[in-house]
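*Asks:* what would the 3D arrangement of this be:
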Amino acid sequence: MSTVIAISNHKGGVGKTTSAVNIGAGLSGLGKKVLLIDLDPQANLSQSLGLEEQEPNIYGAIRGLYPLQPVEIGAGLELIPSHLDLAGAEVELSSEPGRDHILRELLEPLRSGYDFIIIDTPPSLGLLTLNALTAADKVFIPIEAEYLAIKGLAKLMDIIKKIQGRLNKSLRVGGIIITQYDSRIVLGRNVVQTIEGYFGGQVFNTKIRRNIALAEAPTQGKDIFNYNSKSNGAEDYLALSQEIIDRDNN
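*Replies:* Numbering: from 1, shown residues only. As a prediction, the model looks like this:
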C-alpha cells in the first residue's frame with residue numbers, strides 16, 4: 001500500500017510545486033514507483049513536466065466523467081494532470097454529498113500500485129486542499145527561510161488539527177521542508193532555528209538551497225535531475241528524497 005503525501009502551504013511562492021515535482025522524480029530515481037497528482041487549477045506541476053491541457057485529467061475524474069488515468073512521465077514516475085477548469089470545481093462540488101472525500105475514493109483503486117502518491121495542492125485552504133488532506137497519510141509543508149513565512153504556519157497547523165479531528169484521524173505532519181535557504185544570511189539561519197526549536201524532529205534535515213536551476217527546469221518541462229543533475233537543487237532534492245524513504249521505513 002502506498003504512502004499518500006499532500007504537499008501544502010496556503011502561502012504562494014514557497015516551493016510547493018517545485019518540491020512536488022522533484023521529490024517525485026527523486027523518489028523514482030531511487031527505485032520507488034511514484035504517482036504525482038496535480039490538484040492545483042494553475043496546473044503548474046503539469047506544465048513543469050511538459051503537459052498542458054491534457055485529457056483525461058484530475059478535473060474530469062473529480063466530476064465523475066472517468067476514473068483517474070495516469071500519464072507516464074518516466075521510469076517509475078506517473079502523473080494525473082490538472083486543467084484550468086479545476087478552478088470552478090469548488091463551486092460545482094459545493095452541494096455534492098461527501099465532497100470532502102472525493103479524491104480519497106478516487107485514489108483507493110490505485111494505492112496498491114505505487115510506493116508513494118504525492119499531491120500538489122493549491123495555495124489556498126479551500127475544498128481542493130481539504131480533499132488532498134483528507135486523502136493523505138502525511139502532509140509535507142514547504143516553508144521559506146524568511147520571517148513572514150512563519151506567520152501563516154500556525155493557521156495551516158490549526159486546519160490540519162481540525163481535519164485530524166473530523167475527517168482524517170490518521171493524517172499527520174510528515175515533515176517541514178525548508179526552501180530557498182542561504183546559510184550565509186543570518187536572518188535565514190535564525191528563522192530555521194526558530195522553526196526547528198518549535199517543530200523539532202518534524203523539520204527535515206535536508207535544506208533546499210537557493211538555486212537558479214530549480215527555476216529554470218520547469219521552463220524546459222523537466223525535473224531538476226533531467227535538467228541539471230549536477231546542480232545544488234538536484235543534490236538537495238535527492239538527499240531529501242532519501243530522507244523521506246528513511247523516515248517512511250521507520
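
*Asks:* quick check: R166 vs P218, distance?
*Replies:* Using C-beta to C-beta, to the nearest Å, R166 is found at 36 Å from P218. For every residue, glycine as well, the C-beta is placed using N, CA and C.

*Asks:* do D158 as well
*Replies:* Distance of D158 to P218, given as C-beta to C-beta: 31 Å.

*Asks:* who has more neighbours out of the two?
*Replies:* Ranked by neighbour count (other C-beta atoms under 10 Å), D158 and P218 place P218 first, with 20 against 11.

*Asks:* and for the residue nearest to the more buried one when sequence neighbours are not counted, the neighbour number?
*Replies:* Among residues not flanking P218 along the chain, S48 sits closest, at 3.8 Å (C-beta to C-beta, 6 or more residues apart in numbering). When neighbours are defined as other C-beta under 10 Å, S48 has 24 of them.

*Asks:* buried sites along the least confident helix or strand in the chain by mean pLDDT?
*Replies:* Across the helices and strands of the chain, mean pLDDT, DSSP states H and E gives its lowest value to helix 147-151, namely a mean of 76. If you call a residue buried by 16 or more other C-beta atoms under 10 Å, then helix 147-151 has these buried ones: A149.

*Asks:* report the rounded mean pLDDT for the longest helix anywhere in the chain.
*Replies:* As assigned by DSSP state H, the longest helix anywhere in the chain is helix 232-249. Here helix 232-249 scores 96 as its mean pLDDT.

*Asks:* who touches it?
*Replies:* Residues from elsewhere that reach helix 232-249 (C-beta atoms under 8 Å, 6 or more residues apart in numbering): 3, 19, 22-23, 25-27, 29-30, 32, 116, 174-175, 177, 204-209, 211, 213-214, 217, 224-225, 228.

*Asks:* just the buried members of the residues you listed?
*Replies:* Listed as buried from the contacts of helix 232-249 are 3, 19, 22-23, 25-27, 29, 32, 116, 174-175, 177, 204, 206-209, 211, 214, 217, 224-225, 228; burial here means 16+ other C-beta under 10 Å.

*Asks:* go through those and flag which are in strands.
*Replies:* Per DSSP state E, strands hold the following members of the buried ones among the contacts of helix 232-249: T3, F116, G174, G175, I177.

*Asks:* would a markdown table of these with pLDDT be doable?
*Replies:* Compiled in a markdown table, these are given as follows (pLDDT from 0 to 100):
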| residue | pLDDT |
| --- | --- |
| T3 | 97 |
| F116 | 98 |
| G174 | 95 |
| G175 | 95 |
| I177 | 96 |
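
*Asks:* state the helix or strand in which I160 lies.
*Replies:* helix 153-166 (DSSP states H and E).

*Asks:* counting by contacts, list what that helix packs against.
*Replies:* Using 3 or more C-beta pairs under 8 Å, 6 or more residues apart in numbering; DSSP states H and E, the elements in contact with helix 153-166 are helix 127-135, strand 138-144, strand 172-179.

*Asks:* please list the residues outside the second one that contact it.
*Replies:* Judged by C-beta under 8 Å, 6+ apart, the contacts made with strand 138-144 from elsewhere in the structure are 3-9, 13-16, 19, 23, 133, 149-150, 153, 156, 160, 171-180, 195, 208.

*Asks:* what count of nearby residues applies to D38?
*Replies:* Neighbours of D38 (other C-beta under 10 Å): 30.

*Asks:* how far off centre is the helix holding I160?
*Replies:* Centroid separation for helix 153-166 versus its chain: 17 Å, with C-alpha atoms, centre = their mean, to the nearest Å.

*Asks:* V192 versus the residue of the chain most remote from its centre, what's the distance?
*Replies:* If you look at how far each residue of the chain sits from its centre, by C-alpha atoms, centre = their mean, the farthest one is V186, at 28.1 Å. Look at V186 and V192: by C-beta to C-beta, they are 11 Å apart.
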